[in-house]
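Chemist: Could you work out the structure for the sequence below:
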Amino acid sequence: MKNKWLVFAVCAVLLIAAPLVVQQFGHAWVRIMATALLYVLLALGLNLIVGYAGLLDLGYVAFYAVGAYMYALLASPHLFETFPAVKAMFPNGLHAPIWLVVPLAAALAAIAGVLLGTPVLKLRGDYLAIVTLGFGEIIRVFLNNLEHPVNITNGPRGLDRIDPMRIFGLNFGKALDIGGFKIASVTLYYWLFLVLVVFSVIICHRLELSRIGRAWMAIREDEVAAKAMGINTRNMKLLAFGMGATFGGVSGSMFAAFQGFVSPESFSLMESIMIVAMVVLGGMGHLPGVILGALLLAALPEVLRYVASPLQEMTGGRLDASILRQLLIALAMIVIMLLRPRGLWPPAEHGKAAPVPAAQR
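Modeler: Reported below is the predicted structural model:
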(Lines give C-alpha, C1' and ligand atoms only; values in the text may rest on other atoms or scores of the structure.)
Protein backbone atom coordinates (compact mmCIF):
# COMPACT_ATOMS: atom_id res chain seq x y z
CA MET A 1 0.00 0.00 0.00
CA LYS A 2 2.87 2.37 0.85
CA ASN A 3 4.50 1.73 -2.52
CA LYS A 4 1.19 2.39 -4.25
CA TRP A 5 0.77 5.80 -2.59
CA LEU A 6 4.43 6.59 -3.32
CA VAL A 7 3.85 5.92 -7.04
CA PHE A 8 0.79 8.16 -6.98
CA ALA A 9 2.75 10.94 -5.27
CA VAL A 10 5.62 10.75 -7.77
CA CYS A 11 3.19 10.77 -10.73
CA ALA A 12 1.35 13.76 -9.24
CA VAL A 13 4.58 15.75 -8.84
CA LEU A 14 5.66 14.91 -12.41
CA LEU A 15 2.28 15.87 -13.90
CA ILE A 16 2.20 19.17 -12.00
CA ALA A 17 5.80 20.07 -12.83
CA ALA A 18 5.71 18.95 -16.49
CA PRO A 19 4.30 22.19 -18.00
CA LEU A 20 6.76 24.33 -16.02
CA VAL A 21 9.60 22.48 -17.70
CA VAL A 22 7.99 22.20 -21.14
CA GLN A 23 7.03 25.88 -21.33
CA GLN A 24 10.75 26.70 -21.50
CA PHE A 25 10.74 25.13 -24.99
CA GLY A 26 7.65 27.04 -26.14
CA HIS A 27 4.05 27.48 -25.09
CA ALA A 28 2.87 25.46 -28.09
CA TRP A 29 4.01 22.23 -26.42
CA VAL A 30 2.09 23.05 -23.24
CA ARG A 31 -0.97 23.81 -25.38
CA ILE A 32 -0.67 20.33 -26.92
CA MET A 33 -0.53 18.82 -23.43
CA ALA A 34 -3.59 20.81 -22.29
CA THR A 35 -5.53 19.82 -25.42
CA ALA A 36 -4.62 16.18 -24.80
CA LEU A 37 -6.13 16.43 -21.31
CA LEU A 38 -9.34 17.77 -22.83
CA TYR A 39 -9.49 14.72 -25.07
CA VAL A 40 -8.91 12.51 -22.02
CA LEU A 41 -12.02 14.09 -20.46
CA LEU A 42 -14.01 13.37 -23.62
CA ALA A 43 -12.73 9.80 -23.85
CA LEU A 44 -13.62 9.12 -20.20
CA GLY A 45 -17.17 10.31 -20.84
CA LEU A 46 -17.57 8.24 -24.00
CA ASN A 47 -16.13 5.22 -22.18
CA LEU A 48 -19.16 5.26 -19.89
CA ILE A 49 -21.40 4.86 -22.95
CA VAL A 50 -19.28 2.63 -25.19
CA GLY A 51 -16.93 0.85 -22.80
CA TYR A 52 -19.24 0.21 -19.85
CA ALA A 53 -22.76 0.11 -21.33
CA GLY A 54 -21.74 -1.15 -24.80
CA LEU A 55 -23.73 1.52 -26.69
CA LEU A 56 -21.89 2.66 -29.82
CA ASP A 57 -22.27 6.46 -29.94
CA LEU A 58 -20.86 8.22 -33.01
CA GLY A 59 -22.50 11.54 -32.17
CA TYR A 60 -20.70 12.23 -28.90
CA VAL A 61 -19.25 15.45 -30.26
CA ALA A 62 -22.77 16.96 -30.07
CA PHE A 63 -22.51 17.11 -26.25
CA TYR A 64 -19.10 18.72 -26.64
CA ALA A 65 -20.69 21.37 -28.86
CA VAL A 66 -23.57 21.99 -26.43
CA GLY A 67 -21.14 22.76 -23.58
CA ALA A 68 -18.90 24.93 -25.76
CA TYR A 69 -21.71 27.07 -27.16
CA MET A 70 -23.36 27.38 -23.77
CA TYR A 71 -20.21 28.88 -22.29
CA ALA A 72 -19.55 31.00 -25.38
CA LEU A 73 -23.02 32.57 -25.19
CA LEU A 74 -22.72 33.27 -21.45
CA ALA A 75 -19.15 34.59 -21.58
CA SER A 76 -19.04 36.58 -24.84
CA PRO A 77 -20.65 39.91 -25.90
CA HIS A 78 -22.71 38.23 -28.64
CA LEU A 79 -26.05 38.11 -26.81
CA PHE A 80 -25.29 41.49 -25.27
CA GLU A 81 -24.82 43.07 -28.70
CA THR A 82 -27.58 41.17 -30.51
CA PHE A 83 -30.49 41.47 -28.09
CA PRO A 84 -31.34 44.86 -26.51
CA ALA A 85 -33.32 43.08 -23.77
CA VAL A 86 -30.20 41.22 -22.63
CA LYS A 87 -28.22 44.47 -22.69
CA ALA A 88 -30.85 46.13 -20.49
CA MET A 89 -30.80 43.24 -18.00
CA PHE A 90 -26.99 43.00 -17.86
CA PRO A 91 -25.56 46.48 -18.52
CA ASN A 92 -22.04 45.29 -17.63
CA GLY A 93 -22.24 42.30 -19.97
CA LEU A 94 -22.52 38.57 -19.36
CA HIS A 95 -19.51 37.21 -17.50
CA ALA A 96 -20.53 33.82 -16.14
CA PRO A 97 -18.37 32.42 -13.28
CA ILE A 98 -17.06 28.86 -13.38
CA TRP A 99 -19.38 27.87 -10.53
CA LEU A 100 -22.32 28.53 -12.84
CA VAL A 101 -20.69 27.35 -16.06
CA VAL A 102 -19.64 23.83 -15.08
CA PRO A 103 -22.95 22.69 -13.50
CA LEU A 104 -24.97 24.32 -16.28
CA ALA A 105 -22.82 22.74 -19.01
CA ALA A 106 -23.14 19.35 -17.34
CA ALA A 107 -26.92 19.74 -16.94
CA LEU A 108 -27.56 20.87 -20.52
CA ALA A 109 -25.38 18.12 -21.96
CA ALA A 110 -27.13 15.54 -19.73
CA ILE A 111 -30.52 16.71 -21.03
CA ALA A 112 -29.20 16.38 -24.60
CA GLY A 113 -27.94 12.90 -23.76
CA VAL A 114 -31.34 11.81 -22.43
CA LEU A 115 -33.06 13.33 -25.49
CA LEU A 116 -30.75 11.27 -27.68
CA GLY A 117 -31.10 8.13 -25.62
CA THR A 118 -34.91 8.12 -25.42
CA PRO A 119 -35.69 7.40 -29.11
CA VAL A 120 -32.83 4.92 -29.59
CA LEU A 121 -33.44 2.62 -26.63
CA LYS A 122 -34.44 -0.34 -28.77
CA LEU A 123 -31.66 0.08 -31.33
CA ARG A 124 -28.41 -1.87 -31.25
CA GLY A 125 -25.17 -2.17 -33.18
CA ASP A 126 -25.02 -0.52 -36.58
CA TYR A 127 -28.50 0.99 -36.31
CA LEU A 128 -27.60 2.72 -33.05
CA ALA A 129 -24.35 4.00 -34.57
CA ILE A 130 -26.18 5.46 -37.60
CA VAL A 131 -28.81 7.25 -35.48
CA THR A 132 -26.26 8.73 -33.07
CA LEU A 133 -24.10 9.79 -36.03
CA GLY A 134 -27.11 11.60 -37.48
CA PHE A 135 -27.76 13.29 -34.13
CA GLY A 136 -24.22 14.69 -34.05
CA GLU A 137 -24.51 16.00 -37.60
CA ILE A 138 -27.94 17.54 -36.87
CA ILE A 139 -26.50 19.50 -33.94
CA ARG A 140 -23.59 20.76 -36.08
CA VAL A 141 -25.90 21.83 -38.93
CA PHE A 142 -28.27 23.38 -36.41
CA LEU A 143 -25.45 25.50 -34.94
CA ASN A 144 -24.29 26.41 -38.44
CA ASN A 145 -27.72 27.69 -39.50
CA LEU A 146 -29.06 29.24 -36.28
CA GLU A 147 -28.25 32.72 -37.57
CA HIS A 148 -31.56 33.55 -39.26
CA PRO A 149 -34.17 34.77 -38.54
CA VAL A 150 -32.72 35.27 -35.04
CA ASN A 151 -28.96 35.35 -34.70
CA ILE A 152 -28.15 33.10 -31.75
CA THR A 153 -25.03 31.16 -32.75
CA ASN A 154 -23.64 33.60 -35.36
CA GLY A 155 -23.69 30.78 -37.91
CA PRO A 156 -20.48 29.62 -39.59
CA ARG A 157 -18.63 32.73 -38.39
CA GLY A 158 -18.69 31.37 -34.85
CA LEU A 159 -18.45 33.21 -31.55
CA ASP A 160 -15.31 35.07 -30.53
CA ARG A 161 -14.17 37.39 -27.71
CA ILE A 162 -15.02 34.68 -25.18
CA ASP A 163 -13.94 35.43 -21.62
CA PRO A 164 -11.15 33.28 -20.18
CA MET A 165 -11.90 31.15 -17.15
CA ARG A 166 -11.75 32.87 -13.77
CA ILE A 167 -11.49 31.19 -10.35
CA PHE A 168 -11.28 33.18 -7.10
CA GLY A 169 -10.19 36.25 -9.05
CA LEU A 170 -7.45 34.35 -10.89
CA ASN A 171 -7.67 35.16 -14.60
CA PHE A 172 -6.57 32.16 -16.64
CA GLY A 173 -6.16 34.41 -19.69
CA LYS A 174 -3.14 36.19 -18.21
CA ALA A 175 0.27 34.94 -17.13
CA LEU A 176 0.79 34.61 -13.38
CA ASP A 177 3.89 36.27 -11.95
CA ILE A 178 5.21 34.69 -8.72
CA GLY A 179 8.46 36.15 -7.44
CA GLY A 180 9.65 37.04 -10.91
CA PHE A 181 8.83 33.58 -12.30
CA LYS A 182 6.10 33.76 -14.92
CA ILE A 183 3.60 30.94 -15.25
CA ALA A 184 2.05 31.09 -18.70
CA SER A 185 -1.71 31.23 -19.20
CA VAL A 186 -1.69 27.91 -21.03
CA THR A 187 0.01 26.30 -18.01
CA LEU A 188 -2.80 27.50 -15.75
CA TYR A 189 -5.32 25.90 -18.10
CA TYR A 190 -3.27 22.69 -18.07
CA TRP A 191 -3.51 22.51 -14.28
CA LEU A 192 -7.26 23.21 -14.40
CA PHE A 193 -7.79 20.41 -16.94
CA LEU A 194 -5.56 18.09 -14.89
CA VAL A 195 -7.75 18.63 -11.81
CA LEU A 196 -10.87 17.88 -13.86
CA VAL A 197 -9.28 14.73 -15.29
CA VAL A 198 -8.31 13.44 -11.84
CA PHE A 199 -11.81 14.18 -10.52
CA SER A 200 -13.35 12.44 -13.55
CA VAL A 201 -11.14 9.36 -13.15
CA ILE A 202 -12.25 9.03 -9.53
CA ILE A 203 -15.92 9.30 -10.57
CA CYS A 204 -15.50 6.72 -13.35
CA HIS A 205 -13.64 4.33 -11.07
CA ARG A 206 -16.33 4.53 -8.41
CA LEU A 207 -19.02 4.05 -11.03
CA GLU A 208 -17.24 0.99 -12.39
CA LEU A 209 -17.29 -0.64 -8.95
CA SER A 210 -20.86 0.38 -8.15
CA ARG A 211 -24.13 -1.43 -8.83
CA ILE A 212 -24.74 0.97 -11.73
CA GLY A 213 -21.43 0.04 -13.34
CA ARG A 214 -22.10 -3.68 -12.95
CA ALA A 215 -25.57 -3.20 -14.45
CA TRP A 216 -24.04 -1.39 -17.45
CA MET A 217 -21.56 -4.19 -17.99
CA ALA A 218 -24.31 -6.80 -17.76
CA ILE A 219 -26.23 -4.93 -20.48
CA ARG A 220 -23.06 -4.76 -22.56
CA GLU A 221 -22.47 -8.51 -22.33
CA ASP A 222 -26.08 -9.66 -22.85
CA GLU A 223 -29.03 -7.28 -22.68
CA VAL A 224 -31.64 -10.06 -22.66
CA ALA A 225 -29.94 -11.82 -19.74
CA ALA A 226 -29.58 -8.49 -17.90
CA LYS A 227 -33.30 -7.83 -18.30
CA ALA A 228 -34.10 -11.35 -17.09
CA MET A 229 -32.03 -10.66 -13.96
CA GLY A 230 -34.28 -7.71 -13.10
CA ILE A 231 -32.13 -4.85 -14.41
CA ASN A 232 -34.15 -1.94 -15.77
CA THR A 233 -32.26 -1.72 -19.05
CA ARG A 234 -34.22 1.32 -20.23
CA ASN A 235 -33.26 3.47 -17.25
CA MET A 236 -29.69 2.18 -17.23
CA LYS A 237 -29.20 3.10 -20.89
CA LEU A 238 -30.64 6.58 -20.35
CA LEU A 239 -28.37 6.99 -17.32
CA ALA A 240 -25.35 5.97 -19.41
CA PHE A 241 -26.19 8.50 -22.13
CA GLY A 242 -26.88 11.23 -19.59
CA MET A 243 -23.80 10.69 -17.42
CA GLY A 244 -21.50 10.25 -20.40
CA ALA A 245 -22.87 13.45 -21.92
CA THR A 246 -22.05 15.47 -18.79
CA PHE A 247 -18.33 14.88 -19.39
CA GLY A 248 -18.73 16.14 -22.95
CA GLY A 249 -20.57 19.27 -21.79
CA VAL A 250 -17.95 20.18 -19.19
CA SER A 251 -15.15 19.52 -21.71
CA GLY A 252 -16.89 21.77 -24.24
CA SER A 253 -17.12 24.67 -21.80
CA MET A 254 -13.42 24.30 -20.99
CA PHE A 255 -12.60 24.19 -24.70
CA ALA A 256 -14.49 27.45 -25.35
CA ALA A 257 -12.69 29.23 -22.51
CA PHE A 258 -9.33 27.81 -23.60
CA GLN A 259 -9.66 28.71 -27.28
CA GLY A 260 -11.58 31.97 -26.91
CA PHE A 261 -13.45 31.08 -30.10
CA VAL A 262 -15.92 28.39 -31.18
CA SER A 263 -17.46 27.56 -34.55
CA PRO A 264 -19.39 24.58 -35.97
CA GLU A 265 -16.23 23.40 -37.76
CA SER A 266 -14.74 22.38 -34.40
CA PHE A 267 -17.45 19.75 -33.90
CA SER A 268 -17.34 17.74 -37.09
CA LEU A 269 -17.93 14.01 -37.53
CA MET A 270 -14.17 13.44 -37.61
CA GLU A 271 -13.95 14.62 -33.99
CA SER A 272 -16.50 12.01 -32.92
CA ILE A 273 -14.64 9.28 -34.78
CA MET A 274 -11.35 10.29 -33.17
CA ILE A 275 -12.88 10.13 -29.68
CA VAL A 276 -14.33 6.68 -30.40
CA ALA A 277 -10.92 5.60 -31.73
CA MET A 278 -9.29 6.75 -28.48
CA VAL A 279 -11.59 4.52 -26.45
CA VAL A 280 -11.30 1.51 -28.78
CA LEU A 281 -7.55 1.69 -29.35
CA GLY A 282 -6.79 2.29 -25.68
CA GLY A 283 -8.98 -0.54 -24.42
CA MET A 284 -12.75 -0.26 -23.99
CA GLY A 285 -13.94 -0.31 -20.41
CA HIS A 286 -10.44 0.06 -18.92
CA LEU A 287 -9.63 3.48 -17.49
CA PRO A 288 -5.81 3.35 -17.86
CA GLY A 289 -6.20 2.13 -21.45
CA VAL A 290 -8.71 4.86 -22.33
CA ILE A 291 -6.41 7.53 -20.90
CA LEU A 292 -3.43 6.09 -22.81
CA GLY A 293 -5.40 5.97 -26.06
CA ALA A 294 -6.60 9.56 -25.64
CA LEU A 295 -3.11 10.88 -24.92
CA LEU A 296 -1.55 9.04 -27.85
CA LEU A 297 -4.16 10.00 -30.45
CA ALA A 298 -4.32 13.61 -29.22
CA ALA A 299 -0.54 14.06 -29.35
CA LEU A 300 0.15 11.93 -32.45
CA PRO A 301 -1.10 14.48 -35.05
CA GLU A 302 1.10 17.19 -33.54
CA VAL A 303 4.17 14.97 -33.34
CA LEU A 304 3.66 13.82 -36.94
CA ARG A 305 3.87 17.44 -38.10
CA TYR A 306 7.63 17.07 -37.75
CA VAL A 307 7.53 13.85 -39.78
CA ALA A 308 5.12 14.94 -42.52
CA SER A 309 6.95 18.16 -43.40
CA PRO A 310 10.29 16.48 -44.33
CA LEU A 311 8.39 13.83 -46.34
CA GLN A 312 6.57 16.60 -48.17
CA GLU A 313 9.88 18.25 -49.02
CA MET A 314 11.27 14.93 -50.28
CA THR A 315 8.40 14.64 -52.76
CA GLY A 316 8.88 18.18 -54.00
CA GLY A 317 5.68 19.38 -52.34
CA ARG A 318 3.44 17.00 -54.32
CA LEU A 319 2.05 15.50 -51.11
CA ASP A 320 0.04 17.78 -48.84
CA ALA A 321 1.42 17.70 -45.27
CA SER A 322 -2.01 17.56 -43.58
CA ILE A 323 -3.20 14.69 -45.79
CA LEU A 324 0.07 12.84 -45.26
CA ARG A 325 -0.32 13.29 -41.51
CA GLN A 326 -3.80 11.77 -41.61
CA LEU A 327 -2.42 8.86 -43.65
CA LEU A 328 0.30 8.21 -41.08
CA ILE A 329 -2.29 8.29 -38.25
CA ALA A 330 -4.47 5.79 -40.14
CA LEU A 331 -1.50 3.48 -40.71
CA ALA A 332 -0.56 3.67 -37.02
CA MET A 333 -4.13 2.79 -36.01
CA ILE A 334 -4.23 -0.18 -38.41
CA VAL A 335 -0.93 -1.52 -37.05
CA ILE A 336 -2.16 -1.17 -33.46
CA MET A 337 -5.41 -2.99 -34.21
CA LEU A 338 -3.57 -5.82 -35.98
CA LEU A 339 -1.07 -6.31 -33.17
CA ARG A 340 -3.38 -5.49 -30.24
CA PRO A 341 -6.98 -6.21 -31.32
CA ARG A 342 -8.35 -5.62 -27.79
CA GLY A 343 -6.54 -2.32 -27.43
CA LEU A 344 -3.19 -1.15 -26.17
CA TRP A 345 -4.13 -1.68 -22.52
CA PRO A 346 -7.24 -3.88 -22.38
CA PRO A 347 -9.01 -4.91 -19.16
CA ALA A 348 -8.04 -8.20 -17.59
CA GLU A 349 -10.03 -11.15 -18.88
CA HIS A 350 -12.31 -12.77 -16.35
CA GLY A 351 -14.01 -16.14 -16.35
CA LYS A 352 -11.19 -18.08 -18.00
CA ALA A 353 -9.67 -21.06 -16.26
CA ALA A 354 -6.26 -20.51 -14.76
CA PRO A 355 -3.41 -22.31 -16.53
CA VAL A 356 -2.42 -25.58 -14.88
CA PRO A 357 1.18 -25.54 -13.50
CA ALA A 358 3.64 -27.84 -15.28
CA ALA A 359 4.32 -29.84 -12.10
CA GLN A 360 0.63 -30.85 -11.83
CA ARG A 361 0.21 -31.98 -15.45
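
Chemist: low-scoring stretches of the chain, by residue?
Modeler: Of all residues in the chain, those with pLDDT under 70 make up the ranges 1-2, 93, 317, 319, 321, 349-361.

Chemist: Report the separation between residue 277 and residue 336.
Modeler: 10 Å (CB to CB, to the nearest Å). To be clear about C-beta, it is placed using only N, CA and C from the backbone, and glycine gets the same treatment.

Chemist: Sorry, slip of the keys, the one I care about is residue 63.
Modeler: When distances are taken as CB to CB, residue 63 and residue 336 turn out to be 26 Å apart.

Chemist: And the strands in the stretch 51-200 of the chain?
Modeler: Shown for the stretch 51-200 of the chain, the strands assigned by DSSP state E, counting those that start in this stretch span residues 166-167, 170-171, 176-178, 181-183.

Chemist: hang on, the earlier thing: between residue 63 and residue 336, point out the one with more neighbours.
Modeler: It is residue 63, of residue 63 and residue 336, that has more neighbours when counted by other CB atoms under 10 Å, with 37 against 19.

Chemist: any idea how far the more buried one is from residue 329?
Modeler: From residue 63 over to residue 329 the distance is 24 Å, taken as CB to CB.

Chemist: for the protein, which helix is longest?
Modeler: For the chain, the helix with the greatest residue count under DSSP state H is helix 233-259.

Chemist: C-terminal to it, what's the next element?
Modeler: Beyond helix 233-259 in the direction of the C-terminus, DSSP states H and E gives the next helix or strand as helix 269-282.

Chemist: Give me the angle between the helix or strand that contains residue 218 and helix 233-259.
Modeler: Taking DSSP H and E as the definition, residue 218 sits inside helix 211-221. When axes from the mean of the first three to the mean of the last three CA atoms, to 10 degrees is applied, the directions of helix 211-221 and helix 233-259 differ by 110 degrees.

Chemist: could you say what helices and strands the helix or strand where residue 325 lies packs with?
Modeler: For residue 325, the host element (DSSP H and E) is helix 321-339. Using 3 or more CB pairs under 8 Å, 6 or more residues apart in numbering; DSSP states H and E as the contact criterion, the secondary-structure elements in contact with helix 321-339 are helix 269-282, helix 287-303, helix 305-314.

Chemist: Relative to residue 51, how far out is residue 342?
Modeler: Counting by CB to CB, the separation of residue 342 from residue 51 is 12 Å.

Chemist: Neighbour count for these two, which is higher?
Modeler: Comparing residue 342 with residue 51 by other CB under 10 Å, the one with more neighbours is residue 51, at 29 against 14.

Chemist: quick one, what contacts the more buried one?
Modeler: With contact taken as CB atoms under 8 Å, 6 or more residues apart in numbering, residue 51 is in contact with 279, 284-286, 290.

Chemist: Which one of those is nearest to residue 234?
Modeler: Here the nearest of those to residue 234, counting by CB to CB, is residue 285; it sits at 21.4 Å.
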